[in-house]
Each structure stands twice: as C-alpha cells, then as structure tokens.
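> Just a sequence and a predicted model for now, questions to come.
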Amino acid sequence: VHELVIDAFHEYFNALKKDLAAALGKVLFTSDLWSDSNLCPFMAVTTHWITRADHSSVLVLNTVLIAFHHVPGSHMGELLAEVILHLLDQTGVTKKVSV
C-alpha cells in the first residue's frame with residue numbers, strides 16, 4: 001500500500017508540474033508557517049495560476065497546495081526564503097513566480 005501511495009503522489013505531482021508550466025503569465029504563491037501542539041514547525045505553500053478553460057476564452061483561477069513541509073531550526077527570513085525557493089524549485093515554477 002505504501003508504494004501505491006508514493007506512486008500516486010509522483011503521478012499527481014508530475015501532472016501538477018505540467019499544469020504549472022502551462023500557466024498563462026506568472027505563478028503566485030502564498031505561505032503560512034505555524035507550530036503544532038508539540039512546537040514542531042510546519043510550512044504550507046499554496047500556488048495560484050491562471051489557465052484557459054478547454055481552449056476557450058474563459059480564464060480559470062487554479063489554486064493548489066504544493067507543499068506541507070517540516071521547517072526545523074530558526075524561523076529567520078533567510079532560512080524561510082531558502083525553504084520556499086527549494087519547494088518552488090521542486091515544482092519547476094521558480095522562474096514563473098511573480099515578484
């Protein structure tokens with residue numbers, strides 16, 4: 001079962017990377033950082049992009065969680081930037097991110 005879950009995740013993630021590559025214009029992201037009840041820190045990164053609906057002129061806003069990541073150590077800006085850049089690199093959107 002473990003292998004099936006991992007395989008399904010890889011299939012989903014590869015499809016997501018293709019969707020992000022086809023984004024019209026820039027890709028935006030939001031993030032949130034918090035600690036659980038055991039003070040274990042986590043970061044969630046959500047990505048937002050626009051596509052066309054089925055070859056029409058209708059624009060569709062897409063939003064998806066691309067990462068739920070454990071962030072050990074300091075929560076200083078430089079470390080958080082490194083974590084976010086790593087996660088964006090994993091999805092292949094770093095050059096499409098709007099600043």
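Alright, I've got the coordinates. In this text, all values refer to a predicted model and were calculated from it rather than measured experimentally.
> Enumerate every residue touching the residue nearest to the spatial centre of the chain.
For the chain, the residue nearest the mean C-alpha position is Ile66 (2.7 Å; C-alpha atoms, centre = their mean). Contact analysis of Ile66 by C-beta atoms under 8 Å, 6 or more residues apart in numbering lists 16, 29, 45-47, 87-88, 90-91. (Glycine included, C-beta is placed from N, CA and C.)
> cutoff 10 Å now
13, 16-17, 20, 27, 29, 31, 44-47, 87-88, 90-91, 93 (C-beta atoms under 10 Å, 6 or more residues apart in numbering).
> Please, which helix or strand holds it?
Secondary structure assignment for Ile66, by DSSP states H and E: strand 59-70.
> what do you get for Val27?
Using DSSP H and E, Val27 sits in strand 24-35.
> Would you mind putting the CA coordinates of that strand into CSV?
This file holds the C-alpha atoms of strand 24-35, laid out as CSV (Å, rounded to 0.1, in the frame of the first residue of the first chain):
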residue,chain,number,x,y,z
LEU,A,24,-0.7,31.9,-18.5
GLY,A,25,1.7,34.6,-17.2
LYS,A,26,3.1,34.4,-13.7
VAL,A,27,2.6,32.0,-10.9
LEU,A,28,1.9,33.4,-7.4
PHE,A,29,2.2,31.7,-4.1
THR,A,30,1.1,32.1,-0.5
SER,A,31,2.6,30.5,2.6
ASP,A,32,1.8,30.0,6.2
LEU,A,33,4.1,28.9,9.0
TRP,A,34,3.0,27.6,12.4
SER,A,35,3.8,25.1,15.1
